[in-house]
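*Asks:* starting from these lines, generate the structure:
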Amino acid sequence: MDPLLINLLLTGTGVGGAGWLIYTNYPKIEEMLQMKLSSSLHRDGGGDKTSQPLHKIFYLYKHESVGAWSKWMESQNAEIKDIAYTSLVQYLACEADELGSLTPEVIRTIPSFKRPETFQIVAELIDRCRKKVNILKAVDNYLEEAASALLKIDCDRAEKFLIDQYHKLKDQTDTAHVRTGIIRSLIKSQFNNNLLDLVIDFLRDEKNNVMQKSDLLADLEGMAEDSSKIEFFKNIFLRFISQSHEIGENTAKIMQIIFSKLDPVVFCENPDEDIWRALINGLEGHNKSHFIKFLEYPIQNKEKFISSVLLKDLINKDEPVRSSIRDLIIKRFKLTEKELDILKTPVKQEDVDFIKQVVVVEKGKKTKTITHELLGDYHTLEKLIFNSDAHARGNLGSVQTLMGAGVEEKLYLLRGMCGNHNRGFVYIDIDQLIGNTHELGRLKQLVNNNKPCFIYFDNLDKLLTRAYTDYERDNAKELSKILKELALLPSINFLGNIPYNREELKKLKPDLLNTLQSTTAFLPFRISLNIEKPDEKDRRRIFLQAFAKIDAQRASDSNEFNLDVMIAATEGMSMLEYLQFMQNYFEISLFAFGKLISMEEFALYSMSPIQAPSEYQMITAQVVEE
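*Replies:* Predicted coordinates:
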């Protein structure tokens with residue numbers, strides 16, 4: 001169907017029921033319509049340009065369409081072209097309210113004449129029409145046609161001019177529909193940063209409603225080529241994030257729409273790093289609730305591919321983001337209450353972290369929950385210290401020497417006990433203290449200021465098995481004097497660490513054992529409780545107790561996991577290290593993979609003490625050989 005005829009038809013009849021009836025029955029009345037058009041070529045409308053016949057606007061018009069006339073005009077001589085061009089220019093030179101229904105055809109035709117002044121003529125028309133927006137409804141269509149024509153005449157000049165017109169329109173009320181028309185015209189021309197700026201400006205403008213903004217995005221998606229579409233939406237999204245200080249609800253809805261367009265490059269095996277980096281950074285800012293909302297559906301929908309690396313990064317965020325992301329991943333992998341119970345360890349990082357110096361004082365006023373795996377040792381140690389006759393008499397000025405390789409366990413238990421009994425904890429590296437006059441000089445006052453307290457001597461084995469310098473010998477005598485004075489106070493308990501058990505001392509360190517049993521250089525040493533690191537049997541038992549809570553189907557899918565490799569890999573860990581290792585392993589396995597993973601894979605994703613895959617490969621080889 002001829003576009004001109006359609007334009008005349010719809011303009012003349014409107015788009016109501018009658019117009020639509022004629023439109024749908026067009027094949028039957030085509031001949032009549034052509035006859036009407038032919039007669040209009042010779043009908044004189046007087047001076048009213050809104051009803052002028054085609055042949056008075058388009059010089060020598062005897063064609064089926066304006067397009068055909070324009071093509072015919074290209075082959076005519078200069079004189080005819082000048083007359084035709086002058087006629088069109090005169091038509092467009094009038095005020096906007098005098099323009100008629102043929103104006104779009106005139107605008108579309110005039111660039112074909114390729115005259116240097118054409119740009120200015122169309123630009124002036126745009127400026128006149130802009131001032132009539134919301135006064136004359138027809139100018140909306142004229143403006144979009146004129147913008148497209150201007151871009152054909154001189155794309156670079158047109159772009160600058162149209163951007164200027166866009167911003168002038170912002171100063172006028174209710175012009176969103178016209179500004180989107182300018183943007184649509186620019187889209188047809190080219191995608192570039194200037195267009196990106198306009199789109200973002202439009203999307204940020206609070207005067208534009210969500211529907212207008214979403215319609216513009218739909219236009220962008222429909223008109224852009226696939227190759228440039230994703231990149232354009234990506235740039236919009238990244239610019240939005242980088243420039244948004246506070247995202248409102250409406251803006252968040254638009255960002256959600258934009259983000260949904262990025263699925264092909266976000267939820268894939270090689271996701272766009274820029275977008276994910278922006279998302280993860282956004283979770284740390286003041287708009288975190290909106291970013292969680294962006295990720296809500298894809299995270300809990302397992303069909304949306306998200307790499308295990310990214311899932312791990314997401315669950316490592318600070319609260320409250322961490323809890324929100326975890327709740328979404330729980331839905332993604334359908335984690336059960338029993339499985340989540342594995343991760344409820346009472347070992348807190350603050351209870352494990354301890355920076356050792358020559359002397360460290362810690363106020364133990366916070367009640368601490370002792371992990372179940374060390375609760376037996378805790379109660380035994382508690383009875384040893386608080387329920388003995390020696391305690392009632394101030395331990396008779398002796399040092400309760402805690403034996404065994406569980407050095408971290410001893411610190412953890414004593415610090416926890418001080419917290420639960422409202423006592424201060426004074427840590428002393430006794431081997432370094434005798435070489436530090438400053439710390440030695442303030443020790444007595446420090447202890448008095450923190451009574452009641454435990455005094456815990458670390459590195460006793462080093463002190464008791466080496467020679468002293470003259471300087472250290474003098475300090476050792478001073479230390480012995482201070483300790484004997486403090487030993488008279490019933491509110492102070494002395495404890496010490498020897499990282500060997502009695503059997504190891506007999507076999508490997510007999511001199512140290514003799515010294516412990518006979519020395520009176522400082523205070524008498526009483527060999528007490530033995531606290532060890534977990535052995536292979538302990539570590540296997542603890543893991544199997546946790547594994548029993550894993551969903552049966554998930555357990556059967558975890559064929560990459562090898563318990564023997566894990567047990568070998570955790571050799572030498574303290575109980576606290578092992579429990580943290582276990583929690584880290586199950587958290588990464590369940591929340592990043594949805595199943596138990598191999599030790600090699602865990603080493604790549606975790607922050608555990610064992611990092612290098614080569615170590616696991618060696619361990620695997622040893623297990624196979626055995």
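*Asks:* and the helix or strand hosting Lys507, what does it pack against?
*Replies:* If you go by DSSP states H and E, Lys507 is part of helix 502-508. Counting by 3 or more CB pairs under 8 Å, 6 or more residues apart in numbering; DSSP states H and E, the packing neighbours recorded for helix 502-508 are helix 510-518. For glycine as for every other residue, the C-beta is placed from the backbone atoms N, C-alpha and C.
*Asks:* pull the residues that contact the helix it packs on.
*Replies:* Helix 510-518 is contacted from outside by 401, 461, 464-465, 498, 500, 502, 505-506, 525, 527, using CB atoms under 8 Å, 6 or more residues apart in numbering.
*Asks:* which of the residues you listed are buried, as a PyMOL select command?
*Replies:* In PyMOL, this line selects whichever of those come out buried by 16 or more other CB atoms under 10 Å:
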select buried, resi 401+461+464+498+500+505+525+527
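*Asks:* tell me the one of the contacts of helix 510-518 nearest Phe161?
*Replies:* Closest approach to Phe161 among the contacts of helix 510-518 (CB to CB): Asp461, at 85.4 Å.
*Asks:* check contacts around that closest one.
*Replies:* Contacts of Asp461 (CB under 8 Å, 6+ apart): 498-500, 509, 512.
*Asks:* and if we set it to 6 Å?
*Replies:* Asp461 is in contact with 498, 512, counting by CB atoms under 6 Å, 6 or more residues apart in numbering.
*Asks:* what about it, distance to Gly496?
*Replies:* Going from Asp461 to Gly496 by CB to CB, to the nearest Å gives 9 Å.
*Asks:* so where do the helices sit in the stretch 51-200 of the chain?
*Replies:* Under the criterion DSSP state H, counting those that start in this stretch, the stretch 51-200 of the chain contains helices at 54-57, 66-73, 78-92, 103-109, 118-130, 139-153, 155-170, 176-189, 193-204.
*Asks:* tell me the mean pLDDT for the second one?
*Replies:* So the one you mean is helix 66-73. The average pLDDT for helix 66-73 rounds to 94.
*Asks:* mind giving me the packing neighbours of it?
*Replies:* Using 3 or more CB pairs under 6 Å, 6 or more residues apart in numbering; DSSP states H and E as the contact definition, helix 66-73 packs against no other helix or strand.
*Asks:* ok, the longest one next?
*Replies:* Using 3+ CB pairs under 6 Å, 6+ apart, the elements in contact with helix 155-170 are helix 139-153, helix 176-189.
*Asks:* just send the ones you listed back as a markdown table, with mean pLDDT and distance to Asp215 too.
*Replies:* Formatted as a markdown table, the helices and strands packed on helix 155-170 follow (pLDDT from 0 to 100; distance: least, CB to CB, whole Å):
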| stretch | mean pLDDT | distance to Asp215 |
| --- | --- | --- |
| helix 139-153 | 92 | 14 |
| helix 176-189 | 87 | 7 |
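*Asks:* looking at those helices, which is nearest to Pro320?
*Replies:* Evaluated over these, closeness to Pro320 peaks at helix 176-189, with 36.8 Å, by CB to CB.
*Asks:* now the helices of the stretch 51-200 of the chain in CSV, with distance to Leu328 and mean neighbour count?
*Replies:* Listed next are these as CSV, based on distance: least, CB to CB, whole Å; neighbours: other CB atoms under 10 Å:
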stretch, distance to Leu328, mean neighbour count
helix 54-57, 64, 19
helix 66-73, 56, 17
helix 78-92, 59, 15
helix 103-109, 51, 22
helix 118-130, 48, 20
helix 139-153, 44, 23
helix 155-170, 39, 17
helix 176-189, 35, 20
helix 193-204, 27, 17
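*Asks:* quick one: contacts for Asp219?
*Replies:* Contacts of Asp219 by CB under 6 Å, 6+ apart are Arg184.
*Asks:* look up which helix or strand it falls in, please.
*Replies:* Counting by DSSP H and E, Asp219 is found in helix 210-223.
*Asks:* which helices and strands sit right next to the helix or strand following that helix?
*Replies:* On the C-terminal side of helix 210-223, the closest following helix or strand by DSSP H and E is helix 226-243. Judged by 3+ CB pairs under 6 Å, 6+ apart, the packing partners of helix 226-243 are helix 249-260, helix 273-282.
*Asks:* need the helix or strand of the chain with the lowest average pLDDT.
*Replies:* The weakest-scoring helix or strand in the chain, judged by mean pLDDT, DSSP states H and E, is helix 613-625 (a mean of 34).
*Asks:* what's stretch 156-171 in contact with?
*Replies:* Residues outside stretch 156-171 that contact it (CB under 6 Å, 6+ apart): 123, 130, 147, 150-151, 175, 178-179, 182, 194, 198.
*Asks:* redo the helices and strands packed on helix 226-243 as JSON lines? Include mean neighbour count and distance to Thr469.
*Replies:* As requested, the helices and strands packed on helix 226-243 are exported to JSON lines (neighbours: other CB atoms under 10 Å; distance: least, CB to CB, whole Å):
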{"stretch": "helix 249-260", "mean neighbour count": "17", "distance to Thr469": "69"}
{"stretch": "helix 273-282", "mean neighbour count": "16", "distance to Thr469": "55"}
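*Asks:* once you drop chain neighbours, what's closest to Leu443?
*Replies:* Of all residues not flanking Leu443 in the chain, Ile482 sits nearest, at 5.9 Å (CB to CB, 6 or more residues apart in numbering).
*Asks:* okay, and the one you found sits in which element?
*Replies:* Element membership for Ile482, per DSSP H and E: helix 470-486.
*Asks:* kindly report the same for Phe425.
*Replies:* For Phe425, the host element (DSSP H and E) is strand 423-429.
*Asks:* got a list of what the most centrally placed residue in the chain touches?
*Replies:* Residue closest to the mean C-alpha point of the chain, counted by CA atoms, centre = their mean, is Ile280 at 1.5 Å. Counting by CB under 6 Å, 6+ apart, Ile280 touches Asp313.
*Asks:* retrieve the pLDDT associated with it.
*Replies:* We have a pLDDT of 87 for Ile280.
*Asks:* so what's Phe240 closest to, chain neighbours aside?
*Replies:* Ranked by CB to CB, 6+ apart and with sequence neighbours excluded, the top spatial neighbour of Phe240 is Met255, at 5.7 Å.
*Asks:* now the one you found: how far from Glu600?
*Replies:* Distance from Met255 to Glu600, counting by CB to CB: 39 Å.
*Asks:* ok, now Glu478?
*Replies:* From Glu478 across to Glu600, the span is 54 Å (CB to CB).
*Asks:* repeat that for Asp174.
*Replies:* The separation that Asp174 has from Glu600, given CB to CB, amounts to 63 Å.
*Asks:* compare those two (neighbour count), which wins?
*Replies:* It is Glu600, of Asp174 and Glu600, that has more neighbours when counted by other CB atoms under 10 Å, with 19 against 9.
*Asks:* now the helices and strands packed on helix 226-243 in CSV, with distance to Gly594?
*Replies:* Output for the helices and strands packed on helix 226-243, formatted as CSV (distance: least, CB to CB, whole Å):
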stretch, distance to Gly594
helix 249-260, 24
helix 273-282, 20
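*Asks:* so where's this protein shaky on pLDDT?
*Replies:* Along the chain, segments meeting pLDDT under 70 span 1-52, 191, 224-227, 243-244, 346, 364-367, 388-397, 520, 607-626.
*Asks:* swap in 50 and give it another go.
*Replies:* Where the chain drops to pLDDT under 50, the residues are 1-23, 26, 28-50, 390-395, 608-626.
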